[in-house]
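Visitor: Take this sequence and fold it.
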Amino acid sequence: MTIRQTLRASLLGIALIMFSAPGPALAQSSQSIAGNLSEEDFAKLRADIENDTLAPMANADTYNVTVVVFSDYQCPYCRKIHPEIQSLIDSDSAVRVVYRDWPLFGEGSREAARLAIASTFQGKHEEMNRALMSIPGKLTPDKIQNVAVKAGVDWFRLQSDVEAHEPEINALLAKNSLQAALLGLNGTPGILIGPYLIPGAVDRATLQAAVKSVRESSAQ
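Guide: Alright, predicted model coming up:
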């Protein structure tokens, strides 16, 4: 068994909570960790998913629960869940959100992801993320530039940062794609909250229920 197969087997064996919108009702399926990884090894892998110096984050200094979001700026369901994620951040400063860009919808998605990551170098990821998620329909270079400038992003610096950090940004996107595959995700959005995986768009109440579950488990 290859390392990738082993990691995927272990990830698919973790406890999953499948939430269904609109309410926080859930059905739980729990299995022991499979494959050759110990729980300690899996914890290290999850830490790698949750922590990366280049991955954009919100509430990075005040958190006790981490929410990882795998998303694509052209994915309609990602656009749908964006306000719910933002509402969670705004209402709970102890929730850290880690944005893992996973561009699946072509070059427009990839370019938007690269720019979003690069915006962290000027401290404007929140503004860039909101702006990109507000664009209806297909992304184009003109649309992206217009919303970025309106959001207060320094466009010329953004272009410079994309070029200067291109190897790092491309490496992060490749890592995000691998992590999504290891989690068994088939598309965007995908949300990882502690050991719980939520595939698809859900509402704020569902996200809050998952966060509460993680906090209660940590308190035991």
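Visitor: who touches the most centrally placed residue in the chain in this structure?
Guide: With distances taken as Cα atoms, centre = their mean, Val69 lies nearest the centre of the chain, 1.9 Å away. Contact analysis of Val69 by Cβ atoms under 8 Å, 6 or more residues apart in numbering lists Ile85, Val97, Val98, Tyr99, Arg100, Pro189, Gly190, Ile191. Glycine gets a C-beta too; all of them are placed from N, C-alpha and C.
Visitor: repeat that for 7 Å
Guide: Ile85, Val97, Tyr99, Arg100, Pro189, Ile191 (Cβ atoms under 7 Å, 6 or more residues apart in numbering).
Visitor: now Lys150
Guide: Applying Cβ under 7 Å, 6+ apart to Lys150 gives the contacts Ala131.
Visitor: Start the count at 31 instead of 1 going forward.
Guide: OK, 31 is where the count begins now, so the last one is Lys180.
Visitor: how close does it get to Glu156?
Guide: 14 Å (Cβ to Cβ, to the nearest Å).
Visitor: how many other residues sit next to Pro113?
Guide: Neighbourhood size, Pro113 [other Cβ atoms under 10 Å]: 13.
Visitor: Figure out the helix or strand that it lives in.
Guide: helix 106-121 (DSSP states H and E).
Visitor: Also Ile228?
Guide: strand 226-229.
Visitor: In terms of secondary structure, what does that strand contact?
Guide: Strand 226-229 sits against strand 46-49, strand 220-223, with contacts defined as 3 or more Cβ pairs under 7 Å, 6 or more residues apart in numbering; DSSP states H and E.
Visitor: can you tell me which of those strands the model trusts least?
Guide: Of all those, mean pLDDT reaches its minimum on strand 46-49 (a mean of 36).
Visitor: After the lowest-mean-pLDDT helix or strand in the chain, which helix or strand is next?
Guide: One helix or strand of the chain scores below all others by mean pLDDT, DSSP states H and E: strand 56-59, with a mean of 28. For strand 56-59, the succeeding helix or strand toward the C-terminus, using DSSP H and E, is helix 69-80.
Visitor: centre of the chain versus that following helix, how much separation?
Guide: 16 Å (Cα atoms, centre = their mean, to the nearest Å).
Visitor: same thing with stretch 203-215?
Guide: Mean-position distance between stretch 203-215 and its chain equals 11 Å (Cα atoms, centre = their mean).
Visitor: same thing with stretch 213-226?
Guide: Centre to centre, stretch against its chain (Cα atoms, centre = their mean), the figure for stretch 213-226 is 8 Å.
Visitor: Which pLDDT value goes with Asp102?
Guide: As summarised for this prediction, Asp102 has a pLDDT of 97.
Visitor: Please name the nearest non-neighbouring residue to it.
Guide: Once flanking residues are discounted, Asp102 sits nearest to Thr218: 4.5 Å by Cβ to Cβ, 6 or more residues apart in numbering.
Visitor: would that neighbour count as being in a strand?
Guide: No - remark: Thr218 does not belong to a strand; assigned using DSSP: H, G, I helix; E, B strand; the rest coil, it is coil.
Visitor: Now for it, how many residues are close by?
Guide: Thr218, neighbours per other Cβ under 10 Å, totals 28.
Visitor: next one: phi and psi at it?
Guide: When quoted as degrees, to the nearest 10, the phi and psi of Thr218 stand at phi -100, psi 150.
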